[in-house]
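J.: pasting the sequence and the predicted model now:
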Amino acid sequence: MTFHLEYSDPHSRARAGVLTTEHGTIETPIFMPVGTAGTVKAVHQHELAADIRAQICLGNTYHLYLRPGLEVLEKAGGLHRFNGWRGPILTDSGGFQVYSLAHRRKIREEGVTFQSHIDGSKHTFTPEGVMDIQRIIGADIIMAFDECTPYPCEYKYAQKSLDLTHRWLARCVEQFDNTEPRYGYAQALFPIVQGSTYPDLRKKSAEVIASFEREGNAIGGLSVGEPAEEMYAMTELVTAILPTDKPRYLMGVGTPENILECIARGIDMFDCVLPTRNARHGMIYTPEGILNIRNTRWKEDFTPIDPDSPVHTSRSHSRAYLRHLFINGEILGMQLASLQNLGFFLWLVGEARRRIFDGTFSDWKNQMVKKVSTRL
């Protein structure tokens, strides 16, 4: 994997670059649709590529490990061949899912023992094992195993957890460097900065992560309930330390407003379930603001869902029709809404990239932050 920084905005830390993998190139800043179990809910792979114009998708190590399981994925030749997505794939380490299973897991130096949310069976994730699992899944970019601390989090616990994450990282790197990809193409390992919302811990973690000199770096443990201002402050602190010649991935973020503000603070890559999860409940994102498609207001609104959307179904179907589908519980409604929201998120980062190049990013960002957070 290579990363070429093409341009930096003179008025902020916003950057535009190109990340190259053996499954294709990615123009940054970029948003990655989340395909938790090997599929982006309600969206076909062809639509991801042709309509939404996704350049990279995300898979989840925890969920794929449990179902369909490593044996199936290895026999298939990896996730690319299993699900038919030909572009780049990134997998998280399962650390966040283990964090979310607080009542079902036990953290030790060796790793984490947890109970499956499916059948209650017990499993153990170690740094070495998670590297091997992600080798089998076959993503182009894989994450180091870490502990994601909750918010709020006591300082002593955050400090202890951070030191454990750094020890786990050393084990991940050793295992990764001593093993080979399984399917004939290279994989890149990204470490993850942790430290809750404590500036000294975040600074320490960013320095440790940077010292490993991997192909890219991630920032985790944010967007877990802390105020947005704290997320922005931690992001700004960390991006000032992480190397400028490598991509920076802010995990699990977030709203359109969050994405714009964090692009301005030097982030290159984002992912979040928000656009598809909210789509299934009728929340539609557009360049003019957010609309709840179930509201009576849209019952006789025959204008397109989003007249300027890159997604053709958003230009050819009306808001009234989309509301009709939701009111009647039609599955097509969730599909059209998911396409619209993902298309909008990809448009947003693409427009941010264009604005970075033409020197208008900061003014445009300030205008768009107000628009995209408005309820219509």
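T.: In hand now; what should we look at?
J.: let me know the outermost residue of this protein.
T.: E300 (35.8 Å; C-alpha atoms, centre = their mean).
J.: that's a strand at that one, yeah?
T.: No - read with DSSP: H, G, I helix; E, B strand; the rest coil, E300 is coil and lies in no strand.
J.: now for the closest residue to it other than its chain neighbours, how many residues are close by?
T.: Using C-beta to C-beta, 6 or more residues apart in numbering and skipping the chain neighbours, the partner closest in space to E300 is A320 (5.7 Å). C-betas here are computed from N, CA, C, even on glycine. By the criterion of other C-beta atoms under 10 Å, A320 has 15 neighbours.
J.: who's in contact with A320?
T.: A320 makes contact with W298, K299, E300, D301, F302 under the criterion C-beta atoms under 8 Å, 6 or more residues apart in numbering.
J.: for those, which single residue is the most surrounded?
T.: In terms of neighbour count, W298 stands highest of those at 24 neighbours, by other C-beta under 10 Å.
J.: using CSV, list the CA coordinates for stretch 305-321.
T.: The C-alpha trace of stretch 305-321 is given here as CSV (Å, rounded to 0.1, in the frame of the first residue of the first chain):
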residue,chain,number,x,y,z
ILE,A,305,-35.5,12.6,-3.1
ASP,A,306,-32.3,14.6,-4.0
PRO,A,307,-32.3,16.2,-7.4
ASP,A,308,-28.5,16.6,-7.5
SER,A,309,-27.6,13.1,-6.1
PRO,A,310,-25.1,11.0,-7.9
VAL,A,311,-27.5,8.1,-7.3
HIS,A,312,-30.0,7.8,-10.2
THR,A,313,-32.8,6.4,-8.0
SER,A,314,-32.6,9.5,-5.8
ARG,A,315,-33.2,11.6,-8.9
SER,A,316,-35.9,9.5,-10.4
HIS,A,317,-38.1,8.8,-7.3
SER,A,318,-40.0,11.4,-5.4
ARG,A,319,-40.0,12.1,-1.7
ALA,A,320,-43.8,11.3,-1.7
TYR,A,321,-43.1,7.8,-3.2
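J.: just the buried residues of it, please?
T.: Within stretch 305-321, the residues that count as buried by 16 or more other C-beta atoms under 10 Å are I305, D306, S309, P310, V311, T313, S314, H317, R319, Y321.
J.: ok, these vs P181, which is closest?
T.: For the buried residues of stretch 305-321, the minimum distance to P181 (C-beta to C-beta) is 33.2 Å, reached by P310.
J.: spatially nearest residue to the closest one (excluding sequence neighbours)?
T.: Once flanking residues are discounted, P310 sits nearest to G343: 5.2 Å by C-beta to C-beta, 6+ apart.
J.: run the chain-centre distance for the one helix or strand that neighbour maps to.
T.: Following DSSP states H and E, one finds G343 within helix 331-358. Helix 331-358 sits 14 Å away from the centroid of its parent chain (C-alpha atoms, centre = their mean, to the nearest Å).
J.: going on from that helix, what's the next piece of helix or strand?
T.: helix 361-372.
J.: what about E257, neighbour count?
T.: Every residue meeting other C-beta under 10 Å relative to E257 is counted, giving 16.
J.: give me the most central residue, the protein.
T.: Centre-nearest of the chain using C-alpha atoms, centre = their mean is D271, 1.8 Å out.
J.: that one contacts V34, doesn't it?
T.: Yes - counting by C-beta atoms under 8 Å, D271 does reach V34; the two are 5.5 Å apart.
J.: identify the contacts common to the two.
T.: Common neighbours of D271 and V34 (C-beta under 8 Å, 6+ apart) are L58.
J.: how about the residue nearest to the centre of the chain, nearest residue that isn't a chain neighbour?
T.: M32 (4.2 Å).
J.: pLDDT value on that neighbour, please?
T.: Confidence at M32, expressed as pLDDT, is 98.
J.: again with W85
T.: 97.
J.: likewise the one 4 residues further on?
T.: I89 is assigned a predicted lDDT (pLDDT) of 98.
J.: how many other residues sit next to it?
T.: 26.
J.: got it, and R104?
T.: 14.
J.: out of everything not next to it in sequence, what's closest to it?
T.: Q115 is the one closest to R104 (C-beta to C-beta, 6+ apart), at 4.1 Å.
J.: tell me the pLDDT of A320.
T.: pLDDT recorded at A320 is 98.
J.: kindly provide the distance from it to I327.
T.: In this view, A320 and I327 are 10 Å apart by C-beta to C-beta, to the nearest Å.
J.: strands of the stretch 101-250 of the chain, residue ranges please.
T.: For the stretch 101-250 of the chain, the strands defined by DSSP state E, counting those that start in this stretch cover 105-107, 112-115, 122-125, 141-143, 188-190, 192-193, 217-219, 248-250.
J.: follow-up on the earlier one: from Y232, how far off is the residue nearest to D271?
T.: 20 Å.
J.: those two: which is more packed in?
T.: Using other C-beta under 10 Å, the more surrounded residue of M32 and Y232 is M32, with 24 against 16.
J.: report the distance from whatever helix or strand K75 lives in to the chain centre.
T.: Element membership for K75, per DSSP H and E: helix 70-76. Here helix 70-76 is found 24 Å from its chain centre; the criterion is C-alpha atoms, centre = their mean.
J.: which residues are contacting the very next helix or strand once past it?
T.: Once the chain leaves helix 70-76, the next helix or strand it forms, by DSSP H and E, is helix 79-83. The contact list for helix 79-83 (C-beta under 8 Å, 6+ apart) reads 23, 35, 38-39, 45, 59, 64, 68, 72-73, 76, 85-86, 89, 91, 137-139, 183.
J.: recalculate using a threshold of 6 Å.
T.: Identification of contacts with helix 79-83 by C-beta atoms under 6 Å, 6 or more residues apart in numbering yields G38, G59, L73, A76, I89, I137, G138.
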